[in-house]
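*Asks:* how would this look folded up:
(one chain, ligands or ions: 1)
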Amino acid sequence: METRKLVIVGAGPIGLEAALRATQEGYDVTVLERGSVGAAVRSWGHVKLFTPFSMNSTSAGRLAAHAELDPGDILSGAEFADGYLNPLAECAALKGRVLENHEVQAVSRLTYGKPDRIGSPNRSAARFRILANTPVGQLNFEADILLDCTGFVSLHRHMGAGGIPCPGEHLLADQDYRIPNTAATNRFANRRTLVIGGGYSAATTICALGQLCDPAPNTKIIWVTRGQRVEPMPGVSDDPLSERVRLTNAANTLATSDNNCVDWIPGAFVDRLTRTVEGYVVALLYPDATGEGRVLQLLVDEIVANVGYRPDTRPFEELQIHRCYATEGPIKLAAHLLGETSGDCLQQSSGGAALLKNPEPNFYILGAASYGRDARFLLQTGLKQVSELFDSLETGATV
Ligand SMILES: Cc1cc2nc3c(=O)[nH]c(=O)nc-3n(C[C@H](O)[C@H](O)[C@H](O)COP(=O)(O)OP(=O)(O)OC[C@H]3O[C@@H](n4cnc5c(N)ncnc54)[C@H](O)[C@@H]3O)c2cc1C
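*Replies:* The predicted structure follows:
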């Protein structure tokens, strides 16, 4: 009897749930995580999730982790990682299987290159070969089945026209693209901050900065969004997620009410920025019918560019993966998602395990990485992917 080797890249919520299920199915499981368990979730640890704990976990996971959290709890990222992800990684089934500080650099097949045996199931005759940077140097790992659970916050997008960098954008640091922890810094109080972006991350930043305006009345926020709308956040009709409703309403009120705190500028994008001793000089461009556009010049102290993320596809580029030209997600799932008309992530139907298949046999992209640039991913979708995938696979024990 031989046990099939299954390697998971990424110890986020979906990688860990997949690992737990894989051990239950009899696979020999290893999880390679480039940072620490839940590293991506911890990077926004001060932010509250808008889905309750019951939607972000499975009953098997809660049992294995001995989680003492209430299913209805609305947790911060740090609370979710401390109270669930870390105990899950340490549970009896996964103990010693989650290797932290193991960053996957590249993946191939042992004896086949990318152009060999195109789309053929025979490629699975050669195991996956996985190169990782580890605390003891570079190591190879091998696998019969490989799951990409690397999420999507590794790479941010840019704030220039259409998502490319604008001139001067290289002046920003990586942290300027994240939701700032305003409780842990005095970067923003009594200063002028430009916030760019029209999603929930930008709304979270606006609400956090808005709370500074009362105790620190010289705090000024300029919020730039691309679309021409009545309110910056469109919201979801009859939204059952109360935390998301609260966030949407609070950000819209700050943007549209008469106050000295937030100025909302819709329909513009950043054309260029420069750094002077007084701060950043930012040129905003409003495209008009002539194509010339109008320019507004701003002077700000800080910039927060919550302009979204994209998956890091580089470690997997030697495999045969058919990706969507728009979202960079795997094509079958992306095509299914493009057919979904609702903008509400809660309304999405699952396409089943068939959509998770790639031309590369035994390679699956799960979790936020599977949605590519499509921001509608929810943890409950990823948990369903895990369950549907393992329902469709043979068990790990082979003769
Ligand atoms: C601010 C924010 C709030 C969110 N709130 C919610 C919410 O309320 N509800 C909800 O359902 N969803 C929410 N999401 C969306 C989504 O559920 C989360 O992004 C979630 O963390 C995705 O889980 P994941 O396991 O797919 O990926 P991640 O949590 O991103 O985990 C991926 C892991 O892979 C590791 N990794 C990446 N590259 C490599 C590599 N080359 N080698 C080894 N390891 C690697 C990373 O370090 C990370 O630990 C939110 C997202 C953000 C950004």
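*Asks:* Name the residues of this protein found near the ligand, please.
*Replies:* Contact residues (C-beta under 6 Å from any ligand atom) of the chain with the ligand: 9-15, 32-35, 39-41, 44, 47, 49-51, 56, 103-104, 149-151, 153-154, 179, 201, 312, 315, 367-368, 377-379, 382. Where C-beta positions appear, they are placed from N, C-alpha and C, glycine not excepted.
*Asks:* now with 5 Å?
*Replies:* The chain comes close to the ligand at residues 9-10, 12-14, 33-35, 39-41, 44, 47, 49-51, 103-104, 150-151, 315, 367-368, 378-379, as judged by C-beta under 5 Å from any ligand atom.
*Asks:* Can I have the buried ones of those residues as a PyMOL selection?
*Replies:* Selection of the buried residues among the residues of the chain next to the ligand in PyMOL, burial being defined by 16 or more other C-beta atoms under 10 Å:
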select buried, resi 9+10+12+13+14+33+34+39+40+41+44+47+49+50+51+104+150+151+315+367+368+378+379
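*Asks:* Filter the residues of the chain next to the ligand down to the ones in strands?
*Replies:* Mapping the residues of the chain next to the ligand onto strands (DSSP state E) picks out 9, 103-104.
*Asks:* Can you check the pLDDT for the residue most central in space within the chain?
*Replies:* In the chain, the residue lying closest to the centroid (C-alpha atoms, centre = their mean) is Phe152, at 3.6 Å. As predicted, Phe152 sits at a pLDDT of 88.
*Asks:* circling back to that earlier point, closest to Glu302 among the ones in strands among the residues of the chain next to the ligand?
*Replies:* Glu103 (30.3 Å; C-beta to C-beta).
*Asks:* tell me the contacts of the residue nearest to that closest one when sequence neighbours are not counted?
*Replies:* Using C-beta to C-beta, 6 or more residues apart in numbering and skipping the chain neighbours, the partner closest in space to Glu103 is Arg34 (3.4 Å). Counting by C-beta atoms under 8 Å, 6 or more residues apart in numbering, Arg34 makes contact with 10, 101-104, 133.
*Asks:* make it 10 Å
*Replies:* 9-11, 40, 99-105, 132-134, 150, 154, 315 (C-beta atoms under 10 Å, 6 or more residues apart in numbering).
*Asks:* ok, it to Ala64 distance?
*Replies:* Distance, Arg34 to Ala64, by C-beta to C-beta, to the nearest Å: 23 Å.
*Asks:* swap in Gly163?
*Replies:* 40 Å.
*Asks:* who has more neighbours, these two?
*Replies:* Ala64 (21 against 13; other C-beta atoms under 10 Å).
*Asks:* The strand or helix carrying that one: which residues count as buried?
*Replies:* Using DSSP states H and E, Ala64 sits within helix 59-65. Neighbour-count burial for helix 59-65, counted by 16+ other C-beta under 10 Å, picks out 60-62, 64-65.
*Asks:* just stretch 388-399 next, same as before
*Replies:* Those would be 388-390, 393, 396, for stretch 388-399 by 16+ other C-beta under 10 Å.
*Asks:* Stretch 83-98 too?
*Replies:* 83-89, 91, 94, 97-98.
*Asks:* ditto for stretch 166-174
*Replies:* 166, 168-169, 172.
*Asks:* Stretch 127-144 too?
*Replies:* In stretch 127-144, counting by 16+ other C-beta under 10 Å, buried: 127-130, 132, 141, 143-144.
*Asks:* Mind picking the two most distant members of those residues?
*Replies:* Among these, Ala132 and Asp144 lie farthest apart (C-beta to C-beta), at 17.2 Å.
*Asks:* which ones are touching whichever residue of the stretch 251-399 of the chain sits closest to the ligand?
*Replies:* Relative to the ligand, the nearest point of the stretch 251-399 of the chain is Gly367 (2.4 Å; C-beta to the nearest ligand atom). Gly367 is in contact with 8, 10, 12-15, 17-18, 40, 147-152, 311, 377, 379, 381-383, 385-386, counting by C-beta under 10 Å, 6+ apart.
*Asks:* re earlier: out of the buried residues of helix 59-65, which one sits closest to Arg246?
*Replies:* Arg62 (25.7 Å).
*Asks:* does that closest one really touch Phe53, like I thought?
*Replies:* Yes - here Arg62 lies in contact with Phe53, judged by C-beta atoms under 10 Å, at a distance of 8.6 Å.
*Asks:* Bridged to Arg272, which residues?
*Replies:* Ala283 (DSSP bridges).
*Asks:* Check it and give its pLDDT.
*Replies:* 96.
*Asks:* Neighbours of it, how many?
*Replies:* 15.
*Asks:* Same question for Asn259.
*Replies:* With other C-beta under 10 Å as criterion, Asn259 counts 13.
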